[in-house]
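Participant: predicted model, plus sequence, below.
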Amino acid sequence: MPRPLSTEARDKAIAAAQEVIAIDGLEGFTVDAVAKRSGVAKTTIYRHFSSGNELLVDAIDCMVMPFPTPNTGSLRGDIEAFLEAVVPVIDEHSMRRTMLGIMSAAASDPELARVHQEMMRQRMTPIRTILELAQGRGELQPDVDLDLALDFVEGPFFFRKMVRQQPLNEAEIHQIAELIVGGLLAR
């Protein structure tokens, strides 16, 4: 009769996989590296995960953290509060590198595409709620296309942090929020 799988070994493998991703990126991820870092034998890892890709996907899945949904009473205040909460997470080099790696790998890997979609869904849910609250308060027109508005809110932030890889200080966050709100209300 086979021994039951150890949740401790699985947890160690997931934690080590996350460390490997953070240090070496997705391009440096291997089961060998996870085994070495975790102290869990490769054979044990493969008992828990059918492939290295499954381990990678599970490790990334566990890294997805929900962002807060501020409700300050104004669209501008909510967007500022949201950006202020997100900037420190994205400022972490390993997180930014992981996110860019996932976006790249998702183009050719259906499992990572699913993880990327889930990350984006969780990432966008607070913004959608912010926009819906603004509609409910009468700040935004009821016929605003929320999907386009989400892209509009996310665009300047994403471009600045992920494409240009430039810092955002508090004054710049306020300026971006002002520009976003001005664009949404100019309709």
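Facilitator: Arrived safely.
Participant: mind picking out the helix or strand in the chain with the poorest mean pLDDT?
Facilitator: helix 93-106 (a mean of 85; mean pLDDT, DSSP states H and E).
Participant: so which elements touch that helix?
Facilitator: helix 7-24, helix 52-63, helix 75-91, helix 110-136 (3 or more CB pairs under 8 Å, 6 or more residues apart in numbering; DSSP states H and E). Placement of C-beta: from N, CA and C, glycine included.
Participant: same thing but 6 Å
Facilitator: Judged by 3 or more CB pairs under 6 Å, 6 or more residues apart in numbering; DSSP states H and E, helix 93-106 is in contact with helix 110-136.
Participant: how about the least confident helix or strand of the chain: buried residues?
Facilitator: For helix 93-106, a neighbour-count test (16 or more other CB atoms under 10 Å) marks Met95, Arg97, Thr98, Met99, Gly101, Ile102, Ala105, Ala106 as buried.
Participant: nearest residue to Leu83 in space, please, no chain neighbours.
Facilitator: Counting by CB to CB, 6 or more residues apart in numbering, the nearest residue to Leu83 once its immediate chain neighbours are dropped is Ile173, at 4.8 Å.
Participant: just give me the neighbour total for that neighbour.
Facilitator: Using other CB atoms under 10 Å, Ile173 is surrounded by 20 other residues.
Participant: that one touches Ala81, doesn't it?
Facilitator: No. With contacts counted by CB atoms under 6 Å, Ile173 stays clear of Ala81, the gap being 9.6 Å.
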